[in-house]
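Student: coords please:
(one chain, ligands or ions: 1)
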Amino acid sequence: MQPAGAGAIVTGGGSGLGAAAAEALARAGARVAIVDLSAERARSLADRIGGRAFALDVADGPAAEALFPEILAAVGELRILVNCAGIAPAGKIVGRDGPMPLAAFEQAIRVNLIGTFNLLRLAAHAMAGLAPVAEGERGVIVNTASIAAFEGQIGQTAYAASKGGVASLTLPAARELGAHGIRVVAIAPGLFATPMLQAMPEKVQESLAGSVPFPQRFGRPEEFASLLLEIVRNPMLNGSVLRLDGALRMAPR
Ligand SMILES: NC(=O)c1ccc[n+]([C@@H]2O[C@H](COP(=O)([O-])OP(=O)(O)OC[C@H]3O[C@@H](n4cnc5c(N)ncnc54)[C@H](O)[C@@H]3O)[C@@H](O)[C@H]2O)c1
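Tutor: Next up, the predicted model:
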């Protein structure tokens, strides 16, 4: 799929990896809708890159359904969906104050997994109704998992479970949507320098960056965006979860 002239949605586009993805797609000529819980962050990026901003909780089914026609009208033919919206709560199963509140577990699953599927289903339905472009391709959907899907650390049961769900739905979604000419791929980032990580104490950040074999640093959001563009352009990339992690395999803590 060539991004030039294509309609694209980037969820979580107000910050971090989503913002880099939205910017790269816009620079490649796509018409980008930035969807984020934070209307203000989405608007400020949209103004900078010439996209459109939409405020939405990605896990809200009826709200997404209601907003979708407006998003489609803004971007034209929707060919690209990038799901980046996510949260990374930490908490032990058996904590100091008792068992982990079920609501904390539910919230991670809700935003990261249900939110991803919510936009995936609506985008796939819209893409399936379009005329195909080269080689019968109608669209491409890129979800953001995490290496925590495979090596979740202590305190990451909720986050790892949510990202494991994102990783696991990649293949069955690609198998089903292949019949419509739609590809589904997931990126599993290691540690990237975004507000999500930069919120941690500096000492923790240094020790985390030092645990990456090579290059021994956090990934840059542009490196995530660069892989995203390759996935969009390369029709043979389908049904896989691609690690982007500098050979990092996370330790238990
Ligand atoms: N930064 C990393 O090291 C890293 C590593 C692995 C995976 N990831 C994943 O990459 C994705 C992007 O993370 P980031 O580091 O850019 O984080 P970030 O906090 O910088 O950006 C996340 C964005 O998602 C938005 N968001 C949160 N909940 C939402 C909701 N319910 N509806 C709509 N938007 C919502 C936030 O407002 C924010 O703009 C996440 O899914 C995260 O789990 C990040």
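Student: What strands line up against the longest strand seen in the chain, and which way round?
Tutor: If you go by DSSP state E, the chain has its longest strand at strand 182-189. Strands that pair with strand 182-189, judged by DSSP bridges, come out as strand 139-144 (parallel), strand 241-244 (parallel).
Student: Quick check: which of these is buried the most?
Tutor: Burial of those is given as mean neighbour count (mean count of other CB atoms under 10 Å); strand 139-144 ranks first at a mean of 27. For the C-beta atoms, the positions are set from N, CA and C on the backbone; glycine is no exception.
Student: Can you pull out the residues in contact with that one?
Tutor: Counting by CB atoms under 8 Å, 6 or more residues apart in numbering, strand 139-144 makes contact with 1, 12, 17, 78-84, 86, 116, 120, 123-124, 127, 130, 166, 169-170, 173, 177, 181-187, 189, 228, 231-232, all of which sit outside it.
Student: Check stretch 238-245 too.
Tutor: Counting by CB under 8 Å, 6+ apart, stretch 238-245 makes contact with 145, 147, 149, 167, 170-171, 174-175, 178, 183-191, 212, 219, 223-224, 227, 231, all of which sit outside it.
Student: Of these, select the buried ones using a PyMOL command.
Tutor: To isolate the buried ones among the contacts of stretch 238-245 in PyMOL, judged by 16 or more other CB atoms under 10 Å, type:
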select buried, resi 145+147+149+167+170+174+183+184+185+186+187+188+189+190+191+212+219+223+224+227+231
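Student: what's near enough to touch residue 108?
Tutor: Shown here is residue 108, whose contacts under the criterion CB under 8 Å, 6+ apart are 87, 89, 158-159, 161-162.
Student: For these, pick the one with the most neighbours.
Tutor: Neighbours here are counted as other CB atoms under 10 Å. On that basis the top member of the contacts of residue 108 is residue 162, with 29 neighbours.
Student: Show me where the stretch 1-150 of the chain has its helices.
Tutor: Shown for the stretch 1-150 of the chain, the helices assigned by DSSP state H, counting those that start in this stretch span residues 16-27, 39-49, 61-75, 102-108, 115-128, 148-151.
Student: Quick one: the ones you listed as CSV, columns for distance to the ligand and mean pLDDT too.
Tutor: Converted to CSV, the helices of the stretch 1-150 of the chain look like this (distance: least, CB to the nearest ligand atom, whole Å; pLDDT from 0 to 100):
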stretch, distance to the ligand, mean pLDDT
helix 16-27, 2, 98
helix 39-49, 5, 97
helix 61-75, 9, 98
helix 102-108, 9, 98
helix 115-128, 5, 99
helix 148-151, 7, 97
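Student: Would you mind finding the most buried of the ones you listed?
Tutor: helix 16-27 (a mean of 25).
Student: got the angle between that one and strand 139-144?
Tutor: Helix 16-27 runs at 150 degrees relative to strand 139-144, counting by axes from the mean of the first three to the mean of the last three CA atoms, to 10 degrees.
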